[in-house]
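K.L.:
sequence plus predicted model, see below.
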Amino acid sequence: MVAMKKLLGIIAFLSLSLECIAQTCVAAKDPSRLSIAGGSLTEIVYLLGAEKQIVAVDVTSNYPPKARVLPSIGYVRNLSAEGILSLDPTLVLGEDDMGPPTVLTQLDAMGVPIVIVPERHTVQGIIDKIRCIGNIIDQPESANRLIEQRILPRVAELQRLASDRRLAAKKILFVLSLQSGSPLVGGLETSADGLINMTGGRNAMTDVTGWKPASSESIIAAAPDFIVISSRGLGAFGELEDLRQHPALRLTPAALSGNIVVMDGMQMLGFGPRTLDAAVSLSRTFISPAP
């Protein structure tokens, strides 16, 4: 019985998701009161000058800092239906991992419009996301200005850096956190892989798909030249030196040479405008690491 209920919930969610995806990137009927589930979406709405329309955000919406004072609707993958409904939103705007399915089904049953914004971990994906949100909240001109004035110059800079032949030889290991004592690393088809590709470097873990705990043997064999980790992920290890001395990492070229980069996780993996800034900074570091 429990299994059947779960299956029905998944089917309902898939139906809802397909409906929402079919409606994305077109002007919403009423975007005047937005509940946003996804830090990159909140960042973009602020950059479009539409922050006054936001009534609530999820906990990944930590940029700009003033977004943190808005009412919270929980974590993007574990939203609170009651919290969302209490704020009477006219539209729930979410990233593609928004959930859980039961909450989205409940919101849909209550007549709350939901739009899931498509996600692609590429430069073009960021541009498309900005255009999509601009259309949804009826700010297409603002979206075009943002792209032309801020995004395209950054893209040009990134492309210039990423064309440096030295980068093609750099193997990058992205560590998300620790899982049961093993580093949780970003393989293919992850946001980390998309970020690494943007920098012009190579993902050291091409034999892994998704986010997976990696053994000491596999990481040492991968021989990464750089380790990249979020500030929050570093906390799972302790201090930077604890990361360097972790049994799975300490014999890698990256750890031995001290080539470890710590940066804000949402900036790197959110795939909003700031991700381009992160990619530019990483490309520069990979080409000319600090002494």
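P.N.:
Nice, thanks for sending it over. Residues are numbered from 1 along each chain as shown.
K.L.:
contacts, neighbours, all on C-alpha from now
P.N.:
Fine.
K.L.:
and the helices in the stretch 151-291 of the chain, which stretches?
P.N.:
For the stretch 151-291 of the chain, the helices defined by DSSP state H, counting those that start in this stretch occupy 152-162, 191-199, 216-222, 231-237, 240-244, 253-257, 265-269, 273-287.
K.L.:
now render the ones you listed as CSV, adding mean pLDDT and distance to residue 127.
P.N.:
Formatted as CSV, the helices of the stretch 151-291 of the chain follow (pLDDT from 0 to 100; distance: least, CA to CA, whole Å):
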stretch, mean pLDDT, distance to residue 127
helix 152-162, 96, 9
helix 191-199, 98, 14
helix 216-222, 97, 32
helix 231-237, 96, 26
helix 240-244, 96, 34
helix 253-257, 97, 32
helix 265-269, 97, 15
helix 273-287, 97, 8
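K.L.:
return the most buried member of those helices.
P.N.:
Stretch with highest mean neighbour count among the helices of the stretch 151-291 of the chain: helix 191-199 (a mean of 24; mean count of other CA atoms under 10 Å).
K.L.:
tell me what that one is packed against?
P.N.:
Of the remaining helices and strands, those touching helix 191-199 by 3 or more CA pairs under 8 Å, 6 or more residues apart in numbering; DSSP states H and E are helix 152-162, strand 202-203, helix 265-269, helix 273-287.
K.L.:
contact partners of the first one?
P.N.:
When contacts are defined by CA atoms under 8 Å, 6 or more residues apart in numbering, helix 152-162 is touched by residues 123, 198-201, 276-277, 279-280, 283-284.
K.L.:
likewise stretch 204-223?
P.N.:
Against stretch 204-223 from outside (CA under 8 Å, 6+ apart): 171-173, 178-179, 182-190, 224, 247-249, 251-254.
K.L.:
just stretch 138-146 next, same as before
P.N.:
Under CA under 8 Å, 6+ apart, the answer for stretch 138-146 is 27-28, 31, 47-49, 130-131, 133-134.
K.L.:
kindly report the same for stretch 59-76.
P.N.:
35, 37-40, 42-43, 46, 55-58, 79-81, 83-84, 94-95, 97-99, 266.
K.L.:
how close does residue 148 sit to residue 45?
P.N.:
Residue 148 is 16 Å from residue 45, where distance means CA to CA, to the nearest Å.
K.L.:
got the contact list for residue 269?
P.N.:
191-192, 195, 275.
K.L.:
mind putting the contacts of stretch 138-146 into JSON lines with secondary structure and neighbour count?
P.N.:
As requested, those are arranged in JSON lines below (DSSP: H, G, I helix; E, B strand; the rest coil; neighbours: other CA atoms under 10 Å):
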{"residue": "27", "secondary structure": "coil", "neighbour count": "17"}
{"residue": "28", "secondary structure": "coil", "neighbour count": "19"}
{"residue": "31", "secondary structure": "coil", "neighbour count": "20"}
{"residue": "47", "secondary structure": "helix", "neighbour count": "16"}
{"residue": "48", "secondary structure": "coil", "neighbour count": "21"}
{"residue": "49", "secondary structure": "coil", "neighbour count": "12"}
{"residue": "130", "secondary structure": "helix", "neighbour count": "30"}
{"residue": "131", "secondary structure": "helix", "neighbour count": "22"}
{"residue": "133", "secondary structure": "helix", "neighbour count": "25"}
{"residue": "134", "secondary structure": "helix", "neighbour count": "24"}
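K.L.:
Serialize those residues to JSON lines and add fields for distance to residue 228.
P.N.:
JSON lines is the format used below for these (distance: CA to CA, whole Å):
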{"residue": "27", "distance to residue 228": "38"}
{"residue": "28", "distance to residue 228": "38"}
{"residue": "31", "distance to residue 228": "37"}
{"residue": "47", "distance to residue 228": "27"}
{"residue": "48", "distance to residue 228": "30"}
{"residue": "49", "distance to residue 228": "32"}
{"residue": "130", "distance to residue 228": "26"}
{"residue": "131", "distance to residue 228": "29"}
{"residue": "133", "distance to residue 228": "30"}
{"residue": "134", "distance to residue 228": "32"}
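K.L.:
looking at those residues, which is nearest residue 165?
P.N.:
Closest approach between these and residue 165, by CA to CA: residue 130, at 30.3 Å.
K.L.:
stretch 174-189 - what's its average pLDDT?
P.N.:
For stretch 174-189, mean pLDDT is 96.
K.L.:
look at residue 148 and residue 45 and report which has more neighbours.
P.N.:
Regarding residue 148 and residue 45, a neighbour count based on other CA atoms under 10 Å identifies residue 45 as having more, with 22 against 12.
K.L.:
mind putting the helices and strands packed on helix 191-199 in TSV, distance to residue 140 included?
P.N.:
Shown next, in TSV, are the helices and strands packed on helix 191-199 (distance: least, CA to CA, whole Å):
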stretch	distance to residue 140
helix 152-162	16
strand 202-203	35
helix 265-269	24
helix 273-287	16
